[in-house]
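Colleague: how would this look folded up:
(one chain, ligands or ions: 2)
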Amino acid sequence: MPRFAANLSMMFTEHDFLDRFQAAADAGFEAVEYLFPYDFPAEVVAEKLTNAGLSQALFNMPAGDWSKGERGLAALPERRDEFREAVAKAVHYATIIGTPLLHMMSGLADPRDPAAAASYRYALSFAAEKTAEKGIGLVIEPINGRDMPGYFLNDFNSAVALIDEFGPRNVKLQYDIYHRQIIHGDVLTSLGQMMQVIAHIQIASVPLRHEPGTGELNDAMIFAEIDRLGYGGYVGCEYRPLGDTVAGLTWLNKT
Ligand SMILES: O=C(O)[C@@H](O)C(=O)CO
Ligand SMILES: [Mg+2]
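Modeller: Residues are numbered from 1 along each chain as shown. Ligands and ions are numbered 1, 2, ... in the order given. Okay, here's the model as predicted:
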């Protein structure tokens, strides 16, 4: 069975963010992920993680003004200075909290726009270098256009082509099964095809993004395939619980 990480941006929202760490540990999780830790000092987040006996699986680099609809800076040429500062901040937090992976969001831009594409390539190269210096892995995640209209990185094949272009450097794929199913389908086969470049997996039901086992996919079969393929990372539970988070964990106890 894969090792699961609780996503504290979506799960355990019955609690304040800093209390979600202990709540996840009490529910049996050994690791967590979330979008952003930046509302709190890195030391405070690190202490919550350690006190709860948890490992950090991943978090995201600062992604612009989320409340205003921004979803990353990498593909925005006019935001390059801010992007560089975001990388520095993310690496600082990563070093103190101790995460093996950082997710770089692309931002909202037309993937056919040459300026956006060039900016994204530059960003990938810059962030790959800065994270590699600290031994941190960098991941990119294709996101479906229904949840995030206009998101630049909206296709798994383009993401893998970019990763291949970077070759042995530390850029890998964040394979979110929910987005994969909505964008392309073909989850089992593509997991096998892409496993070499996958550093992180996330799961939710499709189409409503709730607990595994409540949607159109055969999640038990997917978990078995992830194991068969020898995936050793975490599977992030990036779903919105249908009701109480702990009450909704019956799927986990069954797997
Ligand atoms: O799938 C998602 O939405 C997340 O993994 C993320 O990082 C951006 O929202
Ligand atoms: Mg995701």
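Colleague: thought G233 was touching A199?
Modeller: Yes: A contact is recorded between G233 and A199 when judged using Cβ atoms under 8 Å, the distance being 6.1 Å. Yep, even glycine has a C-beta here, placed from its N, CA and C like the rest.
Colleague: give me the phi and psi for the residue of the stretch 101-250 of the chain found nearest ligand 2.
Modeller: With distances taken as Cβ to the ion, the stretch 101-250 of the chain approaches ligand 2 most closely at D176, which sits 3.6 Å away. Its backbone dihedrals place D176 at phi -90, psi 110, with angles given as degrees, to the nearest 10.
Colleague: what do you get for D147?
Modeller: Here is the backbone geometry of D147 (degrees, to the nearest 10): phi -80, psi -40.
Colleague: any idea how many residues pack against it?
Modeller: Look at D147: counted by other Cβ atoms under 10 Å, it has 11 neighbours.
Colleague: who's in contact with it?
Modeller: The contact partners of D147, by Cβ atoms under 8 Å, 6 or more residues apart in numbering, come to 179, 182.
Colleague: per-residue pLDDT, it?
Modeller: Taken from the predicted model, the pLDDT recorded for D147 is 98.
Colleague: isn't N7 right up against E33?
Modeller: Yes: N7 is in contact with E33 according to Cβ under 8 Å; the separation is 5.3 Å.
Colleague: need the overlap of contacts for these two.
Modeller: The overlap between the contact sets of N7 and E33 (Cβ under 8 Å, 6+ apart) consists of 202, 236, 238.
Colleague: so which of those wins on neighbours?
Modeller: Each of the shared contacts of N7 and E33 was scored by neighbour count (other Cβ under 10 Å); the top score is that of G236, with 25 neighbours.
Colleague: and what about that residue, helix, strand or coil?
Modeller: strand (DSSP: H, G, I helix; E, B strand; the rest coil).
Colleague: show me the contacts for it.
Modeller: For G236, the contact set (Cβ under 8 Å, 6+ apart) comprises 4-5, 7, 33, 57-58, 200-203.
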